[in-house]
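> structural data only, the sequence is not supplied:
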C-alpha cells in the first residue's frame, strides 16, 4: 500500500520524531513502496537516494516508526520482517511460497465468516491477521486475485 508523503511526515512530527536527512530519504522510499519491503530492500532503495545511509540507520528508523505505530511489521513464514503502513485499510495477504511475492486482498465473505465463527464460539474479534500461503496453480497460470497487489 502506498504511503501518503504528507501524512507520514506529519505523523512523524506529531510523534516527536526528528526527520534527519537520512530518515527523510528512508521515509521517501517507504512512501513510494507498493510492496512489503524488508530492511535490506529498503536499504538498497534508500542508498539510491543517499549513498551514505547505513543499514543500521534503516533498522533504527524502522524500529522507531514501528514503535510509534506508523509502520506494521509482518513476518511471513521464515522470511525476513517486512513492513507496511500501520493505518492502512484492513486487508489480508496471499504469500507465494515460491517467489515470496505478497498479494493484498480483501474479502467481505471471509470477514463475515470470521465474525460468525467467533460469535458461535462466544468470542468477539478485536484484531486479526490472515496470511494464506500459496503456490501457482498446476496450470502455471497465475491469475491475480481481485484487490490490491503488492509486488
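Cool, the structure landed. Only a predicted model underlies this, so the values are computations on that prediction, with no experimental measurement involved.
> show me where this structure has its helices.
For the chain, the helices defined by DSSP state H occupy 5-14, 21-32, 39-49, 55-67, 108-120.
> chain center to the shortest one, what's the gap?
The reference is to helix 5-14. 17 Å (C-alpha atoms, centre = their mean, to the nearest Å).
> stretch 100-116 now?
That offset, for stretch 100-116, works out to 15 Å (C-alpha atoms, centre = their mean).
> and stretch 118-128, by the same measure?
Mean-position distance between stretch 118-128 and its chain equals 25 Å (C-alpha atoms, centre = their mean).
> equivalent analysis for stretch 111-131, please.
On C-alpha atoms, centre = their mean, the centre of stretch 111-131 falls 22 Å from that of its chain.
> what's the domain layout of the chain?
Using automatic domain parsing, the domain parsing of the chain gives 5-85, 92-134.
> worst average pLDDT in the helices of the chain?
Comparing those by mean pLDDT, the weakest confidence falls on helix 5-14, with a mean of 68.
> among the domains of the chain, which is the most enclosed?
Ranked by mean neighbour count, the domains of the chain are led by domain 5-85 with a mean of 16 (mean count of other C-beta atoms under 10 Å). Heads up, the C-betas are built off the backbone N, CA and C, glycines and all.
> what pLDDT does the residue nearest the centre of the chain get?
The centre of the chain sits closest to residue 84, judged by C-alpha atoms, centre = their mean, with a distance of 2.5 Å. Confidence at residue 84, expressed as pLDDT, is 81.
> quick one: it from residue 139, how far?
Residue 84 sits 30 Å away from residue 139 when distances are taken as C-beta to C-beta, to the nearest Å.
> list the contacts of residue 75.
Contacts of residue 75 were listed using C-beta atoms under 8 Å, 6 or more residues apart in numbering, and they are 81, 82.
> which strand residues bridge it?
Counting by DSSP bridges, residue 75 is bridged to residue 81.
> quick one: the helices of the chain as a markdown table, columns for distance to residue 73 too.
Below are those laid out as a markdown table (distance: least, C-beta to C-beta, whole Å):
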| stretch | distance to residue 73 |
| --- | --- |
| helix 5-14 | 16 |
| helix 21-32 | 13 |
| helix 39-49 | 10 |
| helix 55-67 | 5 |
| helix 108-120 | 22 |
